[in-house]
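K.L.:
Let me see the structure of the following:
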Amino acid sequence: MKTLNKILLLLLMLLSVFLALPINTDAAEKKVGKASISVKTKGDTINITIKKTDKAEGYEIYVKAPGDTKYQKYDTISQDGSKERTYTYTAKNEGDYQFKVRGYKKENGKTKYGNYSKAVKVSIEKEKSDSSRTVYITKTGKCYHYKNNCGNGTYTPIDLEVAIKKYSPCKKCVK
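P.N.:
Coordinates of the predicted model:
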């Protein structure tokens, strides 16, 4: 009988220790997955495509513009039901832009964040309008050229606006 009491006492002590330990409910919950992005450019427009991540309710977009040392939070967008989400950013200056995103979800009044995506770098060059373009003419030629080595001769730079009025385009280099 004494051994039975000892065993019961031991079991009761183990049960009380087990019940006294805190239960981690966060371990059972899934974390917000790591976001991934891709970018495409056309002129100064940058299209950012975000692939849907597990458990994300929305995304935060961060941008590092030319001359910036840190990423700035650009926008927060909510998740819709699609597999991908596309966002358009218009570049203000020439140079290298870097983008990254992270997913988030709100739970019990707190916001939980996923890991940042890999940063994606994009170079933007402002296109010159044709009216401000420099072209080349020779002293004896009747054509204007985009290249200053199209044929033989000494080339003189001239604005395209002026060249169009006096000269015809070169059939080799102006297409």
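K.L.:
now stretch 168-175: how far from the chain's centre is it?
P.N.:
Computed by CA atoms, centre = their mean, to the nearest Å, the chain-centroid distance of stretch 168-175 equals 39 Å.
K.L.:
what sits up against that stretch?
P.N.:
135, 142-147, 150-151 (CB atoms under 8 Å, 6 or more residues apart in numbering). Just so you know, the C-beta spots here come from the backbone N, C-alpha and C atoms, and that holds for glycine as well.
K.L.:
which of these lies closest to Asp68?
P.N.:
The closest of the contacts of stretch 168-175 to Asp68 turns out to be Tyr146 (CB to CB; 34.9 Å).
K.L.:
What is the burial count for the closest one?
P.N.:
When counting by other CB atoms under 10 Å, one arrives at 16 neighbours for Tyr146.
K.L.:
Check what pLDDT the residue nearest to it when sequence neighbours are not counted gets.
P.N.:
Of all residues beyond its chain neighbours, the one nearest Tyr146 is Cys173 (4.8 Å), with distances taken as CB to CB, 6 or more residues apart in numbering. Looking at Cys173, its pLDDT stands at 81.
K.L.:
looking at this, Leu4 is in a strand?
P.N.:
No: with DSSP: H, G, I helix; E, B strand; the rest coil as the criterion, Leu4 is helix rather than part of a strand.
K.L.:
Show the contacting residues for the residue nearest the centre of the chain.
P.N.:
Closest to where the C-alpha atoms of the chain average out (CA atoms, centre = their mean) is Phe99, at 3.1 Å. Taking CB under 8 Å, 6+ apart, we find Phe99 in contact with 37, 39, 46, 48, 61-64, 89, 119-120, 122.
K.L.:
Would you mark the buried spots in the strand ranked longest in the chain?
P.N.:
Longest strand in the chain, counting residues (DSSP state E): strand 95-107. Using 16 or more other CB atoms under 10 Å as the test for burial, strand 95-107 gives 97-105.
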